[in-house]
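A.B. asks: next input, structure requested:
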Amino acid sequence: MEGSQSLLLNEEAFKICPDPKKPLFIYEWLRFLDKVLSAANKNDLKSCQKELISQLIIRINSGPGPSTRHLLSKCIGKIYTIGDSIDLFNTIAICNDILKGKEESSQQLSVKLTALSVLSALYESVGRLVGRSFEETFTIISKWIKSAERLGNASTSIHKDTYKSLVKPYLTDRVLSVRIAAVNCLHALVKEYPTLYTMDIDGVTTLLIKSLDVSNYHTRLAVADVFATLTKLAIKNTQINSGQGQSNGNGKYWTIESSFNLLSDVFIRGGIGGFLKSTVSITNMSSYSSSKEIRNGITLAYIKIIKTMGGRWLEKNQSFVVTHLLSVASKIGPIASSDNPTQIQEALHMRRCISFIFRKTFGQIISEHTQISVCKIFGTLLGEFISSYEVLSETNTETLPSVKHISSSQVCTVILLEISALVQQIGSSVASLFTDATGIMEPVFASFLHPIQSTRVAAGWALRCIAFAVPSLLTPLIDRCISRLEHMKTFSVAIDGYSCALASLLTASKLSPLGIPFSKSRQVFQLAEDLLRSASSTSNITQQKVKAAWLLLTSLILSDPLFIRPNLSKLKIFWKNSFPKDKEEAEAENQRGDVKTWIFTLTSRSGALASLNAFYINCKEDMNESIEKKLYNALESSLMTLAQVASLLKSHGIALRPYIFELKIRLYELLINMETGKYNSLNPTLLRELVADISLSDNSSSTTITSLSLSACSLMESNFLGGWLKTTDESSIEMELHANRSHLQIIDSLESDIFESLTCTTLSQGYWPELISPPVKALDLSIVVFSRLYPTLASKHKIQLTEHFKEVIKSWQRTPARQYSIQLNVLTALLLSIKCLSECRNAKMDNDNLRKSNFELVSNYINHEKIPLRCLSIEFLSRMAQVTKDAPYVAGIAQYCFDKLHTLKDEKSRASFGITIGVLHNYVGSLGSSQHLNTSVSITLALAQDPSSPTVQSWAIFALSLIANTGSGMFKGYVEPCLSLCLRLLLNVSSHHIDIIRSLGKLTSILITAVGPELQSAVGAVENLRSSFLVACSMMFENSDSFVKAEAIACLQQLHIFAPRFVELDWLVKEICHLMYSPHLVLRKNSIACLKQLATKRVY
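C.D. replies: Below is the predicted model of the structure:
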C-alpha cells in the first residue's frame, strides 16, 4: 500500500498487488489524493494533470463501488477546479458516452453510476465552465432514469424538465430510497428554480404531503427540510416583491401564515382531501398509521420551518406561533370526543405532536428571558380558556363532557404541560411569574376546576414543577389547596382537582430541600380521613372521595415516613376496612351490590393497595408482624376478587373493566416490590391470574400486546426492531411508527393513572410522565410478576405452563390478530422468566421434558414472517441453552441451526438461523470447542457474502459480530477474514442498504477490541490490520447515515485507546467539534464522548 502514496497512481505497485486487494489499493490512493488536492495549487498539478486525469478515467471504466466512486468524483472535480480546464469537455464527453451505452449488466451499471457521479461533481464544482454540455447529459439522464440506482446532485438550468421528468414522478415512489432521493433532488432544485416557490408552490407542497403517506423516518426528515427551504424562499420573495409593489407571480403573496395554515389543515385532516379523515370511523390500522405518518411529517416540518427562520424570528413572533399551535390543538376536540378507541389514540398522538413542537422550538432555540415571556403568554391564554370554569356549579361534572369542554381540555393540557417544562428548564428565575399580582398562578389554579380530568392532572403536574422550582411557594400552596378542598367537599370536580394538587405538592416536598412543616401532614391526614369517613353519606361522589383520600394518603406516605407514624393506628384501620375479613366474606361479596357499589369497592381496594405499596417501599423501619398480616390479607382478598372477574363482568357489564385493570396494576406493583417468599402460599391462585392475563383469557376479543416484547430482545432491538430510534431527537413521536414497533399503540394520557402521574419522584425521560395505557400496563406487570415467580416453580409445573400456552395459541389459529398478540405475550413472558432463572444462583434447567416442551414451542417461530416473533424465539432458545449448563445440549442446538441452514434456502430461514448461531455464542461463549467456533464463523461468513439477499447479509454480519465479541482469544485467527469482508462490503455495498453498513460498523468495532493492544505493534501483519481498520473508519465516516458515522467515531475512539500514535488527531478533533452542532443526536453524543476521552487521555 505504500506504493500508492504519491500524486500519481504507482502503476508498478498496483500490478503486483493481489487482485482481492486492488480495490482497497485504489481507495487508499484516492483518499490520499483527495487530501493532497485540498492543499494543492495550479502549479502543483501543471506537470502531471493530463496523466492523472487519464488514470482517473481508467478508474471510471473499472466500475468501482459507492465509496470509491464518491472519492473518485471528488478528486476529478477538484483537479478541474484547481488546474487547467483544457480537457474538461473531453472528460464530460467520455462520461456521456458511457451513459449512452446499451449494455445493462451489473458491472456496466456500476460504470454508468460512476460516470454519473463524476458528471455531478464536475457540474457542481466548475459551474458555468461546462457551457451547454449539460443539455446532452440531461437528455441521457431523462431516458436512463428508470433503470438508474440514484442521481447525483448536479444543478442544471433545465429546471422545468428536471422537475417534471426526474423529480415529480418519483416523490411518491413505493421504493422509499428512490423517494428520498427525489425529495433530496427537489430540495436542491428549489434553491435554483424560483417557479417552485412562486407560481407552483401549491403543487409542490401537495406533492410533498403525498410523499409523507406510507413514509419512514428518513423520508419525513427530508420532506421537512424541503418545506423549510420552500417557506423561507417564498417569504423572502414576497418581501422583495412587496417592496417593489409586485405580486408573487401568481396573484398572491406567500407568508408564514400561508405555510402554517397549510400545515395545520393537513395536520387536522391527517392528509389531503376535502373531508376530515378523523371524523369518520377508521376501520383499519393501515389508514390510522398513514395518518400518523403524515402528522409526524407535518410536525417535523413545523419544527424545521421555525428553526430555519431562526431564534430571533421566533422571539419576535412568539405570540403568533403560540396562538397558531394552540388553535390547532383546539381542533382536536371533535376527534377526542369519539367513542372509537383508535380515534382517541389519534387525538392523543396529535396533542403529543403539538407539545413536541413547543419543546423543540421554545424549549431549545430561544433565550431564558424570552422563555419567561412565553410563560406569561401561556398563562394569559390559559386564563382565557379556563375563565368559564372558575365558578363551580353542580353542572361541573364529568358525566357528559361536550365537544367544547374536550377542545378546551386539549388546549389547556398542552399549555399546562409546556408551562411545567419551561419552569423545569428555567428554575428559580420564574419566581416572579407566580408570586406577583400580575403573574399566572391564578389561571393554573383555576384549571383544577376544569370538567375534564386530563386538564386537572396536567395542572397538578404543573403545580408540582412550580413548587419544586420555587420552594418558598410550597407551604402557601398546600394551605390554599387544603382550604379549597375543605370548602368544596360536595363537588366531585373540586375533590378530584384539589386532591391532585395536594398529592403533587406532597411529592414535590420530598424533592425539595426545604420540605414542609409537620403540621401540614396532620392537616392532610385529617382531610383524607374525613373524605373516607364521609364517602358513604354522599352516594353521588363516593368514588371521587375514596380515590382522593387514598391518593392523599399515598402521597403523604411517600413524602416522609415521619408524617405517617403518628397516624399509623388509624391507617391500619383504613386498610382493614378496605378488604373483606375472611374468605367467606370475600366469596359472599359477589352476590351483592350493583355497578356503583363495585366501582366504589374496586377503587377503595386499589387505593389501599397503592398506599400499602408506598408504605412497604418507604417505611421499612415501621414494618411489623401486624402490618405484614394486613398486607397478606390484602393480597389474598385482591386475588379472590380477581378470580371473580368473569362473573362480575357478566353481572355488571364492561363498565367495571377499567377499575379491574387498576386493581391489577396496584396488586402487581406491590408483588413486584415484595420478596417472592412472602407470598408462597398464594402462588397457585396468583399463577392462575397471571397465566390468564398473559393469554388474554379474561377477554376473548382482546388483542393487547405487552410493551416489553421488544425491549426483552436486548441484543437485537437496536438493529432489527427500531431500537436505534431511541437515540434520535424525534424518538418520542417516531418510536411507535417503526415497522416492527407499530403494534405497540400504548401511550396514554396523564389521567389514565393519576397515582403514577402525580406520585412518581423521577422521570426516565422528558419533562412530564408518559404513561402506558392501563390494559398494557396490567399485562406488563403480570409478565414481570410471572417471570419472578417462574424460577420458584417445580419442573412439572413449568411443563404444564408451556403445554397450556401451546394449546391456547393453537386454539386461536382462525383469528390471526389475537393469536399474534398471545404469541408475543407468551414468548415475552417465557423469555423474561428464563432471564430471571439465569440470574438465580445455582439455577439450572436440567429437566429433559421441560427443555423438549419449550423447544417445541419456540422452534416454530425462529423463521416466522413476523420479525418480533423471530427475535423473541431466538433469544429464548439461546437463553434456554445458557441455563441448561449442559455442553452436549448446547452443541445439539447449534447443530440444529447448522442443519436447518443446510436444508432451508428461503431468506427468512437463512437470516434467522444464521443469527441464532450468533446469539447462541453471545450467551454460551465459543461453545467450548474450536471446531464449533470454526463452523459458526465459516457459516456466518458465507451468509454475509451472499449478495442475493441484503437481509441475510445484515443479519449474518450482526451474528458474526456477536461471535467475535465472545470468542476471546480463540477468535483472533478469524479477525483478518472478517476485516477483509468488512472492507470489501464497505467498498461495494450500495448506500441504500443501510442495515448492512450499520452491521459492518458494529463488526468493525468489535474486531478492533478483539485485536486490542496488539494494534500498537510495528509487526507487518498487525500493521496491515491497523491500516485496514483506519481505512474502514474512513469509509464509515464518509457515509451519509448518522449512525454509521457515529460508529466510525466509536471505532476511532477504540483505535486511539489501543494505538494512539496512529490516529490523526488534528483531523479527528476538527471533525468532531463540527459534529457537535449536528442535527443528529447520536452524532452529538458520540462526538462529545470522543472529545471527552481525547481531553482526559494523555497522548504520547
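
A.B. asks: switch to C-alpha atoms for all contacts and neighbour counts from now on
C.D. replies: Noted.

A.B. asks: for Leu7, what are its contacts?
C.D. replies: In this structure, Leu7 makes contact with Leu33, Val36, Leu52, judged by CA atoms under 8 Å, 6 or more residues apart in numbering.

A.B. asks: quick one: average pLDDT of the helix or strand harbouring Val111?
C.D. replies: Element membership for Val111 (DSSP states H and E) is helix 106-126. Model confidence over helix 106-126 averages 84 on the pLDDT scale.

A.B. asks: and stretch 599-616, by the same measure?
C.D. replies: In this model, stretch 599-616 has a mean pLDDT of 94.

A.B. asks: ok, residues contacting it?
C.D. replies: When contacts are taken as CA under 8 Å, 6+ apart, the neighbours of stretch 599-616 outside the stretch itself are 542-543, 546-547, 550-551, 553-554, 557-558, 574-575, 578-579, 623, 631, 634, 638, 656, 659-660, 662-663, 666-667, 669-670, 673, 755.

A.B. asks: then stretch 404-416?
C.D. replies: 326-327, 329-334, 336-337, 351, 354-355, 378-379, 382, 385-386, 444, 447, 450-452, 454-455, 458-459, 462.

A.B. asks: same question, stretch 30-47
C.D. replies: 5-7, 68, 71-72, 74-75, 78-79, 82-84.

A.B. asks: any idea how far apart the tips of stretch 511-525 sit?
C.D. replies: Taking CA to CA, to the nearest Å, the first and last residues of stretch 511-525 lie 20 Å apart.

A.B. asks: what about the stretch 801-950 of the chain, any weak spots by pLDDT?
C.D. replies: Low-confidence segments of the stretch 801-950 of the chain, defined by pLDDT under 70, span residues 926-929.

A.B. asks: before we move on, back to that, in strands, which of the contacts of stretch 599-616 appear?
C.D. replies: Mapping these onto strands (DSSP state E) picks out no residues; all lie outside.

A.B. asks: buried subset of those, written for ChimeraX?
C.D. replies: Selection of the buried residues among the contacts of stretch 599-616 in ChimeraX, burial being defined by 16 or more other CA atoms under 10 Å:
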select :542,543,546,547,550,551,553,554,557,558,574,575,578,579,631,634,638,656,659,660,662,663,666,667,669,670,755
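
A.B. asks: least trustworthy helix or strand in this protein by mean pLDDT?
C.D. replies: Comparing helices and strands within the chain by mean pLDDT, DSSP states H and E singles out helix 134-144 as the least confident, with a mean of 69.

A.B. asks: which SSE is immediately downstream of it?
C.D. replies: The C-terminal neighbour of helix 134-144 among helices and strands, as given by DSSP H and E, is helix 159-161.

A.B. asks: now do that next one: distance to the chain's middle.
C.D. replies: On the basis of CA atoms, centre = their mean, to the nearest Å, the separation between the geometric centre of helix 159-161 and that of its chain is 39 Å.

A.B. asks: what's the next helix or strand after that helix in contact with?
C.D. replies: Note on helix 159-161: by DSSP H and E, the next helix or strand toward the C-terminus is helix 176-192. The set of residues that contact helix 176-192 without belonging to it, under CA under 8 Å, 6+ apart, is 150-151, 153, 155, 159, 163, 166-168, 170-173, 196-197, 211, 215-216, 218-219, 222-223, 225-226, 229-230, 233, 992.

A.B. asks: can I have the buried ones of the residues you listed as a ChimeraX selection?
C.D. replies: This is how ChimeraX selects the buried members of those, with burial counted by 16+ other CA under 10 Å:
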select :150,151,153,155,159,163,166,167,168,170,171,172,196,197,211,215,216,219,222,223,225,226,229,230,233
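
A.B. asks: now the contacts of stretch 30-47 as a markdown table including pLDDT?
C.D. replies: Rendered in a markdown table, the data for the contacts of stretch 30-47 read as follows (pLDDT from 0 to 100):
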| residue | pLDDT |
| --- | --- |
| Gln5 | 48 |
| Ser6 | 58 |
| Leu7 | 77 |
| Thr68 | 90 |
| Leu71 | 90 |
| Leu72 | 90 |
| Lys74 | 90 |
| Cys75 | 90 |
| Lys78 | 87 |
| Ile79 | 85 |
| Ile82 | 84 |
| Gly83 | 81 |
| Asp84 | 81 |
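
A.B. asks: just the residues you listed: which are in helices?
C.D. replies: Among those, the residues falling in helices (DSSP state H) are Thr68, Leu71, Leu72, Lys74, Cys75, Lys78, Ile79, Ile82.

A.B. asks: just for the chain, where's the confidence low?
C.D. replies: Residue ranges of the chain with pLDDT under 70: 1-6, 127-136, 143-158, 243-252, 273-290, 390-400, 742-746, 763-765, 926-929, 1098-1100.

A.B. asks: the contacts of Leu7 into JSON lines, with extra columns for distance to Leu416, neighbour count and secondary structure?
C.D. replies: What follows is the contacts of Leu7, written out as JSON lines (distance: CA to CA, whole Å; neighbours: other CA atoms under 10 Å; DSSP: H, G, I helix; E, B strand; the rest coil):
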{"residue": "Leu33", "distance to Leu416": "58", "neighbour count": "21", "secondary structure": "helix"}
{"residue": "Val36", "distance to Leu416": "57", "neighbour count": "15", "secondary structure": "helix"}
{"residue": "Leu52", "distance to Leu416": "66", "neighbour count": "16", "secondary structure": "helix"}
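
A.B. asks: specify which member of these is nearest to Gln644.
C.D. replies: Closest approach to Gln644 among the contacts of Leu7 (CA to CA): Leu33, at 78.1 Å.

A.B. asks: gap between the closest one and Gln1016?
C.D. replies: Relative to Gln1016, Leu33 is positioned 26 Å away (CA to CA).

A.B. asks: one step back: which of the ones in helices among the contacts of stretch 30-47 has the most neighbours?
C.D. replies: Leu72 (29 neighbours; other CA atoms under 10 Å).

A.B. asks: give the closest residue to that one in space, chain neighbours not counted.
C.D. replies: Of all residues not flanking Leu72 in the chain, Leu30 sits nearest, at 6.5 Å (CA to CA, 6 or more residues apart in numbering).

A.B. asks: can you tell me the element the residue lying closest to Lys489 once chain neighbours are set aside falls in?
C.D. replies: If you skip the residues right next to it in sequence, Lys489 has Ile495 as its closest partner in space, 6.2 Å away by CA to CA, 6+ apart. The secondary structure element spanning Ile495 is helix 492-511 (assigned by DSSP H and E).

A.B. asks: for that helix, name the packing helices and strands.
C.D. replies: Of the remaining helices and strands, those touching helix 492-511 by 3 or more CA pairs under 8 Å, 6 or more residues apart in numbering; DSSP states H and E are helix 453-469, helix 474-487, helix 542-559, helix 754-759.

A.B. asks: nothing else from me, thank you.
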